[in-house]
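S.K.: Fold the following.
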Amino acid sequence: MRAAAPLVLLPALLLGGAAAARGTVAPGEDIGAAIASEAPGGVVELLPGLHRGPVSLDRAVALVGQEGAVLEGPGNGSVVTITAEGAAVRNLTIRGSGSRLEAMDSAVLIRQSAKGAVVEGNRIEGNLFGVYVHGAEGGVVRGNTITGRSGGRMSERGDGVSVWNAPGARVENNDIRFGRDGIFVKVSRRNLFAGNRLRDLRFAIHYMYANDSEVSGNASFGNHAGYAIMYSQRLRVRGNLSDGDRDHGLLFNYANGSEITGNRVIGRAGGFRADEDSDSTAREHMPAGAGGGTAGGPAPGKCVFIYNSNRNRFTGNRFEGCGIGVHFTAGSEGNAITGNAFIGNRTQVKYVGTRHLDWSRDGRGNYWSDNPAFDLDRDGIADAAYRPNDLVDQVLWTAPRAKLLLNSPAVQVLRWAQSQFPAILPGGVVDSRPLITAPPLPDAAPRWRP
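M.R.: Below you'll find the predicted structure:
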């Protein structure tokens, strides 16, 4: 009988060893001690209930929550700070960060040393910043639900996900609501921002000084602007949705050499109730002439605003229901705009300039819903060129008070003369090979709704 005792105890010892290897922590126990005792590659698991932060992940372990586990900070600093390469935070509800923008107070702050850190599957609620990837190469932020702050001034809130100088970082399949910007990336490269859902923000994705990256398959709904792409080169912006964003669906400012394909922008009818300083916070980062609707009033919006952006290709996009389909200005050159659909915009194109721009290439232009042309040879190309603007439009843009004369006989005679004598038309956009039907969007384009 004595010899059987070790056999009886063996399963218990094995179970105890497995539990210890996993580092299970009950509410009220010391999370830091559990992390310190865990070997690299191990797991520290938080049991259901309220756990107190802050927590520092200074070794390559995964901090994982069972269902119902909540990690709450003291209201100052970051709740979780990751400094170890390969560390991870998964399946937790995280709240209680501080409120200092300059200190980057976040639910999860990933420091530069935390190369390849992962933040995945968490509920991040009411923090200043949701996840801040501060220089961590190859960091991953995936599948989180991030709800930021909605009170006070929008400029004093943090972003859902902020990325600074983090080459190869990936932000994928997150649901982000409230705060300042959904995703803000600055001074980075080779990043991927894909499959995110963003709403009730200033900019859904705010992109500055970040090159050789991809923005794809995201959905922006009801933000002040959808995708603000600034001071960046060689990007792929494809398959994104902007639905009801107030001022702009897509905004390009000093963005060069990029591919913009398969995106859909749907304008908003009616008004949008903005926060008290929404106009100032959204427009302080916009170029001159980029303004859109007014807080609480009509929100005409622009599907696309292109400012000082060169050598880009816009193909296979759909721009519909906006006050202006494309506002094109300030010396943007070498852009190819073909195979797109402009549907039901109040003004299809706004271009103030003397150059002649043909928006067709290789025998193919764009679809324009207000083009009454025929296709007698049934080749899918209209038999006459399409001009979205005339001299009267340019007069109205440069002298808005001239609208008082819009229905006068003189203006009507001027428009008739231009239709009869095209040589007197000013420089501007012409589509010499307009399409008769709208090209279909790629199947991969998001169709998400809130």
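S.K.: now the helices: where do they sit in the stretch 201-350 of the chain?
M.R.: Using DSSP state H, counting those that start in this stretch, the helices found in the stretch 201-350 of the chain span residues 278-283.
S.K.: So, low pLDDT: which residues of the stretch 1-150 of the chain?
M.R.: 1-21 (pLDDT under 70).
S.K.: domains for the protein, by residue range?
M.R.: Domain assignment of the chain by automatic domain parsing yields the ranges 195-389+429-450, 391-427.
S.K.: quick one, strands of the stretch 1-150 of the chain?
M.R.: 43-46, 49-52, 55-57, 62-65, 69-72, 80-82, 88-90, 93-95, 106-110, 118-120, 123-125, 129-134, 140-142, 145-147 (DSSP state E, counting those that start in this stretch).
S.K.: quick one: which of these is nearest G158?
M.R.: Nearest of those to G158, taken as C-beta to C-beta: strand 129-134 at 3.7 Å. (Each C-beta comes from the backbone N, C-alpha and C, glycine too.)
S.K.: which residues touch the closest one?
M.R.: For strand 129-134, the surrounding residues in contact (C-beta atoms under 8 Å, 6 or more residues apart in numbering) are 78, 97, 104-112, 119, 124, 139, 141, 144, 146, 148, 158-166, 169, 176, 179.
S.K.: Mind doing that once more with 7 Å?
M.R.: Strand 129-134 is touched from outside by 104-112, 119, 124, 139, 141, 146, 148, 158-164, 166, 169, with contacts defined as C-beta atoms under 7 Å, 6 or more residues apart in numbering.
S.K.: how long is stretch 87-107 from one end to the other?
M.R.: Start to finish, the residues bounding stretch 87-107 are 15 Å apart (C-alpha to C-alpha, to the nearest Å).
S.K.: and if you look at stretch 24-40?
M.R.: 15 Å.
S.K.: Repeat that for stretch 24-36.
M.R.: First-to-last residue span, stretch 24-36, C-alpha to C-alpha: 13 Å.
S.K.: For it, what is the distance to the chain centroid?
M.R.: Counting by C-alpha atoms, centre = their mean, to the nearest Å, stretch 24-36 is centred 37 Å from the centre of its parent chain.
S.K.: where does the stretch 251-400 of the chain have low pLDDT?
M.R.: By pLDDT under 70, the low-scoring segments of the stretch 251-400 of the chain are 268-300, 330, 352-354, 389-400.
S.K.: doesn't N371 make contact with Q348?
M.R.: No: using C-beta atoms under 7 Å, Q348 makes no contact with N371, being 9.1 Å away.
S.K.: Neighbour count for those two, which is higher?
M.R.: With neighbours defined as other C-beta atoms under 10 Å, Q348 and N371 compare such that Q348 has more, 24 against 20.
S.K.: List buried residues within the contacts of strand 129-134.
M.R.: Neighbour counting with 16 or more other C-beta atoms under 10 Å marks 104-111, 119, 124, 139, 141, 146, 148, 158-164, 166, 169 as buried within those.
S.K.: hey, where'd the strands end up in the stretch 251-400 of the chain?
M.R.: 259-261, 264-266, 302-307, 313-315, 318-320, 324-329, 336-338, 341-343, 347-351, 357-358, 367-368.
S.K.: so of the ones you listed, which one's packed in deepest?
M.R.: strand 302-307 (a mean of 27; mean count of other C-beta atoms under 10 Å).
S.K.: Show the secondary-structure elements that that one is packed against.
M.R.: strand 248-256, strand 324-329 (3 or more C-beta pairs under 7 Å, 6 or more residues apart in numbering; DSSP states H and E).
S.K.: Which residue is the nearest non-sequential neighbour of A438?
M.R.: A341 (3.8 Å; C-beta to C-beta, 6 or more residues apart in numbering).
S.K.: R202: which of the strands of the stretch 251-400 of the chain is closest?
M.R.: strand 302-307 (15.4 Å).
S.K.: got the angle between that closest one and strand 347-351?
M.R.: Calculated by axes from the mean of the first three to the mean of the last three C-alpha atoms, to 10 degrees, strand 302-307 forms an angle of 10 degrees with strand 347-351.
S.K.: What pairs with strand 302-307, parallel or antiparallel?
M.R.: Sheet pairing here is set by DSSP bridges, and for strand 302-307 it gives strand 248-256 (parallel), strand 324-329 (parallel).
S.K.: what does the shortest one rub up against?
M.R.: Just to be clear, that refers to strand 324-329. The contact list for strand 324-329 (C-beta under 7 Å, 6+ apart) reads 289, 302-307, 319, 342, 345, 347-352.
S.K.: can you rerun that using 6 Å?
M.R.: 302-307, 319, 342, 345, 347-351 (C-beta atoms under 6 Å, 6 or more residues apart in numbering).
S.K.: Going by neighbour count, which residues of stretch 91-106 are buried?
M.R.: Of the residues in stretch 91-106, 91-98, 104-106 count as buried by neighbour count, 16+ other C-beta under 10 Å.
S.K.: what's the offset of that stretch from the middle of its chain?
M.R.: Using C-alpha atoms, centre = their mean, the offset of stretch 91-106 from its chain centre is 21 Å.
S.K.: Give me the contacts around that stretch.
M.R.: With C-beta under 6 Å, 6+ apart as the test, stretch 91-106 has contacts from 64-65, 69-73, 75-79, 107, 121-129, 132.
S.K.: Export it to PDB, keeping only CA atoms.
M.R.: Listed next in PDB are the C-alpha coordinates belonging to stretch 91-106 (Å, rounded to 0.1, in the frame of the first residue of the first chain):
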ATOM      1  CA  ASN A  91      -8.800  38.200 -24.800                       C
ATOM      2  CA  LEU A  92      -8.900  40.800 -22.000                       C
ATOM      3  CA  THR A  93     -11.300  43.700 -21.200                       C
ATOM      4  CA  ILE A  94      -8.900  46.600 -20.600                       C
ATOM      5  CA  ARG A  95      -9.800  50.000 -19.200                       C
ATOM      6  CA  GLY A  96      -8.600  52.800 -16.900                       C
ATOM      7  CA  SER A  97      -5.700  54.500 -18.700                       C
ATOM      8  CA  GLY A  98      -4.500  58.000 -17.800                       C
ATOM      9  CA  SER A  99      -5.400  61.100 -19.800                       C
ATOM     10  CA  ARG A 100      -2.000  62.600 -20.900                       C
ATOM     11  CA  LEU A 101      -1.500  62.800 -24.600                       C
ATOM     12  CA  GLU A 102       2.200  63.700 -24.300                       C
ATOM     13  CA  ALA A 103       2.700  60.500 -22.200                       C
ATOM     14  CA  MET A 104       0.900  58.300 -24.700                       C
ATOM     15  CA  ASP A 105      -1.400  57.000 -21.900                       C
ATOM     16  CA  SER A 106      -2.900  53.900 -23.500                       C
END
